[in-house]
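In: Provided below are the primary sequence and the corresponding predicted coordinates.
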Amino acid sequence: MEQIGELWLVGAGPGDPDLLTLKAARLIAGADVLVHDGLVGDGIFALARADAELISVEKRRDRHSMPQQEINALLVRLVREGRMVVRLKGGDPFVFGRGGEELEAARAAGIACGVVPGISAANGCAAEAGLPLTHRALASAVSFVAGTCQGLKEQDWRGLAGPGRTLVIYMGVTTASRIADKLIADGVSPDMPVAVLERGTLPGARAIRTLLAELGDVVAREAVRSPAVLVVGRVAALADAEDVMARDAVRELQEYVPW
């Protein structure tokens, strides 16, 4: 007789273990197996049992340790072995986490699957930077998009950024210049404020303010690395962040004016 365990899709949040939900922490502590991606903070693994098995299925640009179909099959196999399996995902499982595909695979295999939401990267990074994604005077709508290179030209972002709106772009570091060009071509003002939120809630976190027209240059010059989200909109000017435009202007002035 087949032995059936448990499967949970658990949001690990943006990295700080203190931002886990109580349910997520309880499930992590009780899991036989943690199948995790590469955006899970080390402090979160410290909550696992000493004998828990950790299986990394980390995905990076141009390098996937395991295709999604194999991940789906792995989860099903582990549960059928009678194990308590936590599929641990950075942020929220249903916000660019492919949790929907894994949920469908579990259902197709006749396996019950629970979902525990997590604080998304956008929410966690913005909160740390003091950046409200909506603001009564500045933005009454917020949208989330993926900035990955594949299909970028075909994505229709018209109306997602501009006055009264906030656009949050995941996975947009390597395509920042093209993203800026795309938005400006769609009518967004070149002087629209942008916040680059790098490694939010993790050690070494940075928040950088710039303008849309300068986004690509700033990301390259500041050597921004993933994980990072880009926030485009008037609310970005409210971020408690380093204003690289102002900093560079002061440096340029210092080169020509004796103090």
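Out: Structure's in. What do you need?
In: give the contact list for Leu230.
Out: 147, 168-169, 172-173, 176, 179, 194-197, 215 (Cβ atoms under 8 Å, 6 or more residues apart in numbering). Heads up, the C-betas are built off the backbone N, CA and C, glycines and all.
In: Am I right that Val218 is in a helix?
Out: Yes: membership of Val218 in a helix is supported by DSSP: H, G, I helix; E, B strand; the rest coil.
In: Contact partners for it?
Out: With Cβ under 8 Å, 6+ apart, Val218 has these contacts: 196, 208, 210, 224, 244.
In: mind checking how far the first one is from Ala205?
Out: In this case it means Val196. Separation of Val196 from Ala205 (Cβ to Cβ, to the nearest Å) stands at 11 Å.
In: Looking at those two, which one has more neighbours?
Out: More crowded of Val196 and Ala205, by other Cβ atoms under 10 Å: Val196, with 29 against 18.
In: The helix or strand encompassing the more buried one - what's its average pLDDT?
Out: Using DSSP states H and E, Val196 sits within strand 193-198. Regarding strand 193-198, the rounded mean pLDDT is 97.
In: Stretch 43-52 now?
Out: 96.
In: Tell me the strands beside the strand holding Val196, with direction?
Out: Note on strand 193-198: by DSSP bridges, its sheet partners are strand 206-211 (antiparallel), strand 228-232 (antiparallel).
In: If you count neighbours, what's buried in that strand?
Out: Across strand 193-198, burial judged by 16 or more other Cβ atoms under 10 Å covers 193-198.
In: do stretch 113-129 as well
Out: The neighbour-count check on stretch 113-129 (16+ other Cβ under 10 Å) flags 113, 115-129 as buried.
In: For the stretch 1-150 of the chain, which residues score under the pLDDT cut-off?
Out: For the stretch 1-150 of the chain, applying pLDDT under 70 flags the ranges 1-3, 60-65, 149-150.
In: Just confirm Gly43 is within a strand.
Out: No: if the criterion is three-state DSSP, then Gly43 is helix and not within a strand.
In: coming back round to it: any idea which of the buried residues of strand 193-198 is closest to Ala220?
Out: For these, the closest approach to Ala220 (Cβ to Cβ) belongs to Val196, at 11.3 Å.
In: Just list the residues touching the closest one, thanks.
Out: Counting by Cβ under 8 Å, 6+ apart, Val196 touches 206-210, 215, 218-219, 222, 224, 228, 230-231.
In: Most tightly packed of the strands paired with strand 193-198?
Out: Among the strands paired with strand 193-198, strand 228-232 has the highest mean neighbour count (mean count of other Cβ atoms under 10 Å), at a mean of 27.
In: Gly38 and Leu88 touch, don't they?
Out: No: between Gly38 and Leu88 there is no contact under Cβ atoms under 8 Å: 10.8 Å.
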